[in-house]
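Asks: quick one: sequence and predicted model below, then my questions.
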Amino acid sequence: MINKLIENIKKTNAPIVVGLDPMLNYIPQHIQKKAFSELGETLEGAAEAIWQYNKGIVDAISDLIPAVKPQIAMYEQFGIPGLNAYKNTIDYCKEKGLVVIGDIKRGDIGSTSAAYAVGHLGKVKVGSNRIAGFDEDFATINPYMGSDSVNPFIDVCKEENKGLFVLVKTSNPSSGEFQDRIIDGRPLYEWVGEKVAQWGESHMGNEYSYVGAVVGATYPEMGKTLRKIMPKTFILVPGYGAQGGKGADLVHFFNEDGLGAIVNSSRGIIAAYKQEKYASFGELNYADASRQAVKDMIEDISTALNNR
């Protein structure tokens, strides 16, 4: 699947992924009103509003981008109806030819990780059948419990030709409480980065490993170091836009071939119409605002890479 992701990036010339992380307060009133009129102010109504909102955005931007990254928690808060919206979103994006990164951040003891891996990336055995669950192309995972929690995901990825992005240095302000701790003279995130590179050696694509890393755009110098530690690792870079990251901050996450990283923006794209810059589009044209925000993001990152 890493080969398909790279192929999509080359085709669109856009090393970006759009985070489909909907909140009800992002969703225009006309979409909410229609969903609630049909299904009431219920979990089902909320899930329908989220699904229609996502669909509008995907229709507007799918020709510009290589991938999407739905964050499962934004759907889980609406219970089973929310998870149905999550699955509908995954299936629709795949129909559009997009690579889907399930932002699930799972990681547990071996048998539990194996079940997570099967549910999101593999197929579960039901009688004589093997049936896919959520069927994302990639998943984000948390390596805090070590190789026992990661290897079951790698095993499923090998079987299904899927991929992973492992948390290494995250974009949130308090990430340093643990990730920056010095252990044997080096910060923990460097040790994790080395381990990710090792895990990836067992599951290589044509150019890059199927085992990627998550490194936040808000820490560009650390990203520069980790790029050297993980030369064959694809880096998922959150923190662009709303969290403060800019194109100029990101150049060191990429290799000289212009590949090696994919930059995420979530609310900066999907709620673009709420920003002053795109306010002229209005609520009714929220998806057009998202399309323009994607174009602006592509230009920002391309300019930075061309000027490095």
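Replies: Structure received.

Asks: for stretch 280-288, buried residues please.
Replies: If you call a residue buried by 16 or more other CB atoms under 10 Å, then stretch 280-288 has these buried ones: 281, 285-288. Any C-beta I mention is one placed from the backbone N, CA and C, and that applies to glycine too.

Asks: stretch 28-46 too?
Replies: 28, 31-32, 35-36, 39, 43-46.

Asks: burial count for residue 111?
Replies: Close neighbours of residue 111, defined as other CB atoms under 10 Å, add up to 10.

Asks: again with residue 52
Replies: By other CB under 10 Å, 19 other residues sit near residue 52.

Asks: so it sits in a strand?
Replies: No. Going by DSSP: H, G, I helix; E, B strand; the rest coil, the assignment for residue 52 is helix, not a strand.

Asks: and the nearest residue to it once chain neighbours are set aside, what helix or strand is that in?
Replies: Using CB to CB, 6 or more residues apart in numbering and skipping residues adjacent in sequence, the residue nearest residue 52 is residue 31, 5.3 Å away. Assessed by DSSP states H and E, residue 31 sits inside helix 29-39.

Asks: ok, which stretches of the stretch 151-300 of the chain are helices?
Replies: 176-179, 188-201, 220-229, 267-270, 286-306 (DSSP state H, counting those that start in this stretch).

Asks: can you redo those helices as TSV with mean pLDDT and distance to residue 119?
Replies: Below are the helices of the stretch 151-300 of the chain laid out as TSV (pLDDT from 0 to 100; distance: least, CB to CB, whole Å):
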stretch	mean pLDDT	distance to residue 119
helix 176-179	92	27
helix 188-201	96	21
helix 220-229	91	29
helix 267-270	95	25
helix 286-306	95	30
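
Asks: residue 139 is nearest to which of those helices?
Replies: Across those, residue 139 has its closest neighbour in helix 188-201 (14.0 Å, CB to CB).

Asks: of all the buried residues of stretch 280-288, which two lie farthest apart?
Replies: Farthest pair in the buried residues of stretch 280-288 (CB to CB) is 281 and 287. Separation: 8.8 Å.

Asks: Provide a list of residues in contact with the closest residue to residue 49 other than its chain neighbours.
Replies: In space, and not counting its chain neighbours, residue 49 is closest to residue 35: 3.9 Å by CB to CB, 6+ apart. Residue 35 makes contact with 45-46, 48-49, 52, according to CB atoms under 8 Å, 6 or more residues apart in numbering.

Asks: of all those, which comes closest to residue 10?
Replies: residue 52 (31.6 Å).

Asks: what distance do you get for the closest one to residue 163?
Replies: Separation of residue 52 from residue 163 (CB to CB, to the nearest Å): 29 Å.

Asks: check residue 26 too.
Replies: Distance of residue 26 to residue 163, given as CB to CB: 28 Å.

Asks: contacting residues for the most centrally placed residue in the chain?
Replies: Closest residue to the average C-alpha location of the chain: residue 69 at 3.4 Å, with CA atoms, centre = their mean. Listed by CB under 8 Å, 6+ apart, the contact set of residue 69 reads 17-20, 100-103, 236, 264, 266.
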